[in-house]
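>>> Any chance you could fold what I've pasted below:
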Amino acid sequence: MLGHPAPSDAKASSPLSDVAAQTVRVAEICDLLEALADDLPRRSAPVWKETTRMCRDLIEGHYQLLLGSLLPILARRTKDEVECQDVLTRLGADFDDEVSRLTELNVLMTDAVGEHGSKIGSEALGYALRCFFGSLRRSTIWETEVLLPLAERRLTTKDLQELADALPLLNGQRLQS
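Below you'll find the predicted structure:
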């Protein structure tokens, strides 16, 4: 069937497929954050704690992989292409910004259910959630529409192996599809 690679297809077993699957999970987190923002302040402490954990584990790990492995590998492969280097530099800055915003958001979400929870208003938390997931959605679009297609076109077998070797380092295990 066109558009659906067979499991034996090399592309299907590429580490880029794992990165793409992780990008989809990050986009799903955006939907969760939006639902939480829409339902403020009715969510209980366990929901916020689990959301904070998921954001920390999934999003931070994903951006560590992008910033620490995929972007540097792709930058080496396209070192003589100014336009590619400009795009990679911009994406790296955006991804780094997402990690910083996530750290701030996790503090807010933790404070929202901690002993000082009453000091964090639902409006402030809702605003922070909306700013974060809006920005994060834009980043996942760039990953899907620009970064991953560029990587598919430019990375060699050796580059893909280097990326595959970095995948088990993410949360101590290989990404699950």
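>>> all helices in the chain, in order from the N-terminus.
Along the chain, the stretches classed as helices by DSSP state H are 15-38, 45-54, 61-65, 71-77, 82-113, 122-142, 148-154, 157-166.
>>> tell me what the fifth one is packed against?
Which is helix 82-113. Packing contacts for helix 82-113, counted by 3 or more C-beta pairs under 8 Å, 6 or more residues apart in numbering; DSSP states H and E, involve helix 45-54, helix 61-65, helix 71-77, helix 122-142, helix 148-154. C-beta here means a position set from N, CA and C on the backbone, and glycine is covered the same way.
>>> chain center to the second one, what's the gap?
Mean-position distance between helix 61-65 and its chain equals 7 Å (C-alpha atoms, centre = their mean, to the nearest Å).
>>> average pLDDT across that helix?
Here the mean pLDDT over helix 61-65 is 89, rounded to a whole number.
>>> would you put the C-alpha positions of it in PDB?
Written as PDB, here are the backbone C-alpha positions of helix 61-65 (Å, rounded to 0.1, in the frame of the first residue of the first chain):
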ATOM      1  CA  GLY A  61      14.300  13.500  27.000                       C
ATOM      2  CA  HIS A  62      13.100  14.300  23.400                       C
ATOM      3  CA  TYR A  63      14.800  17.600  23.300                       C
ATOM      4  CA  GLN A  64      18.000  16.100  24.800                       C
ATOM      5  CA  LEU A  65      18.000  13.700  21.900                       C
END
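>>> CA-only coordinates of the lowest-mean-pLDDT helix or strand in the chain in CSV, if you can.
The element with the least model confidence among the helices and strands of the chain, by mean pLDDT, DSSP states H and E, is helix 45-54, at a mean of 79. These are the backbone C-alpha positions of helix 45-54, laid out as CSV (Å, rounded to 0.1, in the frame of the first residue of the first chain):
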residue,chain,number,x,y,z
ALA,A,45,-2.9,17.0,42.8
PRO,A,46,-2.2,13.6,41.4
VAL,A,47,-3.1,14.7,37.9
TRP,A,48,-0.6,17.7,38.1
LYS,A,49,2.1,15.5,39.5
GLU,A,50,1.7,12.9,36.8
THR,A,51,1.6,15.7,34.1
THR,A,52,4.8,17.2,35.5
ARG,A,53,6.5,13.8,35.4
MET,A,54,5.4,13.1,31.9
